[in-house]
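> missing the sequence, but the structure's below:
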Ligand code: SF4
């Protein structure tokens, strides 16, 4: 484990010896306070929290959005982060609300005095700042560098130097690149030189499958080396998918906490149970459980209970019946119509 300073993000602590957190980013415009969409947003935030999301970031493109985020932050159980580009006054306004962190790319905030104003207010309010550097928005003199890794690390270090000159240490850094190897190398290099918590992720990683593969390939080696305090799996997919992907990446890296591991078969010509549809239907419920358990959804009784004999709970089909098993032993046989109810009853016994 590479030791970093600890930074308090609302109720969460990032870095130090604290667990690696999962975050995602809101993908729609901020809803107006008091609207139906506002209430729906709060409910969705709760759902993300149940899935294992610990921090949620919002793009704040204008003052109206800052007001909306401020209203949401007062009601949200998750720490909310304001993501600001270009206009430092939006960052200043956001910090009037219980915002847990501000993300800026100081390179596009502009004049040094604007950054100084943001830092002064952040210090006053106790708001940490993430310096988010992207390979697509590097300073002019680094933009065309043949050493892409060196350039993004240099860009991040310049920004860190500005904050450190101002005596501001509540920092998190991210260096987002769309290539796997460059992401690994940049974060390794930065972690070897600084004790600042790192936010890991591959940017513009693509749709669900491509994005999960690229993020897994980049993040798992880093996490195994103890690098990374928080992760965001960027996908052209839902926030829920990003959080679930983050859970699986942490589990594969051996840094995840408790929760359900889902085992499901790919299905073949022997199947008498639609393991795909059942898994899709139940996955949010399963990922929302905090019990450490293995749950299997298998396509047939011929191989299902045997292949998933380590599962604490399993379900499969046999002819026109559905079978529930535990550790390879069949415990209930029910009709397909009863399957969801009975499966839920058995799940509750695990909780
Ligand atoms: S559990 Fe049955 S249906 Fe699923 S892949 Fe194995 S043999 Fe095929």
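Structure's in. What do you need? All of these numbers come straight from a predicted model, not from anything done at the bench.
> so residue 84 makes contact with residue 102?
Yes. Counting by Cβ atoms under 8 Å, residue 84 sits close enough to residue 102 to count as a contact (6.2 Å). (C-beta placed from N, C-alpha, C; glycine too.)
> name the residues contacting each of these two.
Counting by Cβ atoms under 8 Å, 6 or more residues apart in numbering, the contacts common to residue 84 and residue 102 are 91, 94.
> okay, now residue 270: neighbour count?
Neighbour count of residue 270, defined by other Cβ atoms under 10 Å: 12.
> what sits against it?
Residue 270 neighbours (Cβ under 8 Å, 6+ apart): 299-300, 302-303.
> do residue 171 as well
So residue 171 contacts 7, 128-131, 160, 163, 196-197 (Cβ under 8 Å, 6+ apart).
> any chance of TSV for these, columns distance to residue 329 and pLDDT?
Formatted as TSV, these follow (distance: Cβ to Cβ, whole Å; pLDDT from 0 to 100):
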residue	distance to residue 329	pLDDT
7	48	97
128	51	98
129	54	97
130	50	97
131	54	95
160	57	95
163	59	93
196	51	98
197	46	98
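> of those residues, which is the most crowded?
Ranked by neighbour count (other Cβ under 10 Å), the contacts of residue 171 have residue 197 at the top, with 28 neighbours.
> the protein: helices as residue ranges?
Assigned by DSSP state H, the chain shows helices spanning 36-51, 63-73, 88-94, 106-109, 112-125, 140-143, 148-165, 180-193, 208-224, 239-253, 275-287, 304-307, 339-350.
> the ligand: which of the ones you listed is closest?
Closest to the ligand of these, according to Cβ to the nearest ligand atom: helix 304-307, at 4.4 Å.
> count the residues that sit near whatever residue of the stretch 151-300 of the chain ends up closest to the ligand.
Nearest to the ligand in the stretch 151-300 of the chain, going by Cβ to the nearest ligand atom, is residue 299, at a distance of 2.7 Å. Look at residue 299: counted by other Cβ under 10 Å, it has 23 neighbours.
> swap in residue 325?
Per other Cβ under 10 Å, the neighbour tally for residue 325 reads 24.
> repeat for residue 151
Here the number of neighbours of residue 151 (other Cβ under 10 Å) works out to 22.
> tell me the confidence at it?
For residue 151, the pLDDT comes out at 96.
> contacting residues around it?
135, 138, 142-143, 145.
> which among those end up buried?
135, 138, 142 (16 or more other Cβ atoms under 10 Å).
> now the second one. Nearest residue, chain neighbours left out?
Right, residue 138. residue 155 (5.1 Å; Cβ to Cβ, 6 or more residues apart in numbering).
> perfect, that will be all.
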